[in-house]
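Visitor: Predicted coordinates and the sequence they were generated for:
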Amino acid sequence: MRTLALSLILSTVSLLPVVAQEGPIENRIRTATTNPTTVKPETDIRVDVNMTLIPVTVLDEKGKNVLGLTAENFRVFDGTEARPVVSFGLQDAPISVGVVFDCSRSMMQKFQTARNAPIELFKQLNPEDEAFIITVSDHAEMLSGFTSDFKSIQNSLLFAGTKGATALLDGVYRGLAQLKKAKNQRRALIVVSDGGDNNSRYTLQELTAMAQEADVEIFSLCLWQKPETAEEEFGPDLLRKLSNASGGVTYMIDDAAFVRNAMTQVGTALHSQYVLGYYPPEAASDGKFRKIRVQLILPKGLPRLRLYARNGYFAPNR
């Protein structure tokens, strides 16, 4: 079994809700308020070629990461079959991150504020991490390739400007292709855009399949205010579908000033995800896409939490 990559909110941001399931398990839940790199896994993460690993992000109602859960708080279904969680921990391994930043004309009013936001993400990354940035207008352009010099990446964006149409999906495609060259096994792509696309060669269906095959989580920061075109109107739906398929999170932002907060929380999430390991059914060896579902089981009386995990994987041929 090919191992799935280990990889990905805001006080004024609306998140995509997943209703937490209630159960009899007693557990102390706390919100991340310190550097997540200080949190050690409750158990070692055991990996072998037959195990499937699922990175999971859990957020409270304010969009903050929730720590302190145990393996008993999760249930995994591969297809319709429940599978026992045999490996569990908090993941803080090095990660390779790509940023796709919309610099098209539709971002003009938001750009001056939004372009300073990635620095908040880079503050959360470690020296062992690496990142790159791609800008999108009429076409996708690699502004800065892989580097751990995060200040230089931020500086490169300061000289960018807004122009032209929006080839957003082409930018995502180029980001996914670049992540295939990453040095780290954990990989994530962060998309900053109003979601409008009117100039891409690639389709949403092609990219969701590509993200699932590449084991890349996509986090979308959607700067959605008053849509002026049909593309902008459907922008949030496009970004949600990209993120949902890959196990990432979509942040709806109605004020560009809050993008910095979102970037901070994305960076925190990248280094404080749960990783669930399970052995898939014997039938999962046909090379086809298999649906998976993760449930959150909490004791009664606790506030609802939101869970984000990928919805499937491509099984290898044996």
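Guide: Sure thing, it's come through. Numbers count the residues shown, from 1 in each chain.

Visitor: Can you show me the helices along the protein?
Guide: 108-114, 118-124, 150-158, 168-179, 204-214, 230-233, 235-246, 259-270 (DSSP state H).

Visitor: Dump those helices to a markdown table, plus mean pLDDT.
Guide: What follows is the helices of the chain, written out as a markdown table (pLDDT from 0 to 100):
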| stretch | mean pLDDT |
| --- | --- |
| helix 108-114 | 88 |
| helix 118-124 | 94 |
| helix 150-158 | 92 |
| helix 168-179 | 96 |
| helix 204-214 | 90 |
| helix 230-233 | 69 |
| helix 235-246 | 90 |
| helix 259-270 | 92 |
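
Visitor: And these: which comes nearest Met252?
Guide: helix 235-246 (6.4 Å; CB to CB). Quick note: C-beta positions are derived from backbone N, CA and C, even for glycine.

Visitor: Send over the closest one as CSV, restricted to the C-alpha atoms.
Guide: Taking Å, rounded to 0.1, in the frame of the first residue of the first chain, the C-alpha atoms of helix 235-246 are listed here in CSV:
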residue,chain,number,x,y,z
GLY,A,235,-14.9,31.2,-6.8
PRO,A,236,-15.7,29.9,-3.3
ASP,A,237,-17.2,26.7,-4.6
LEU,A,238,-14.1,26.0,-6.8
LEU,A,239,-11.7,26.5,-3.8
ARG,A,240,-13.9,24.4,-1.5
LYS,A,241,-13.9,21.5,-3.9
LEU,A,242,-10.1,21.7,-4.2
SER,A,243,-9.6,21.7,-0.5
ASN,A,244,-12.2,19.2,0.4
ALA,A,245,-10.9,16.5,-2.0
SER,A,246,-7.4,16.8,-0.5
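
Visitor: quick one: buried residues of that helix?
Guide: Gly235, Pro236, Leu238, Leu239, Arg240, Lys241, Leu242, Ser243, Asn244, Ala245, Ser246 (16 or more other CB atoms under 10 Å).

Visitor: next one: stretch 142-149
Guide: Leu143, Ser144, Phe146, Ser148.

Visitor: before we move on, what about stretch 205-216?
Guide: Leu207, Thr208, Met210, Ala211, Gln212, Ala214, Asp215, Val216.

Visitor: got the contact list for the second one?
Guide: By CB atoms under 8 Å, 6 or more residues apart in numbering, the contact set of Thr208 is Lys241, Leu242, Ala245, Ser246.

Visitor: ok, the second one to Glu206 distance?
Guide: To Glu206, Leu242 is 11 Å away according to CB to CB, to the nearest Å.

Visitor: Next: the last one.
Guide: Ser246 sits 13 Å away from Glu206 when distances are taken as CB to CB.

Visitor: nearest spatial neighbour of Gly235, skipping sequence neighbours?
Guide: Gly195 (2.0 Å; CB to CB, 6 or more residues apart in numbering).

Visitor: what about the one you found, neighbour count?
Guide: 28 (other CB atoms under 10 Å).

Visitor: my guess is it contacts Leu239, does it?
Guide: Yes - shown here, Gly195 and Leu239 form a contact pair, counting by CB atoms under 8 Å, at 4.8 Å.

Visitor: Need the residues touching each of those two.
Guide: The contact lists of Gly195 and Leu239 share Ser220, Cys222, where a contact means CB under 8 Å, 6+ apart.

Visitor: Quickly note the distance from Gly277 to Arg240.
Guide: 27 Å.

Visitor: All set, thanks.
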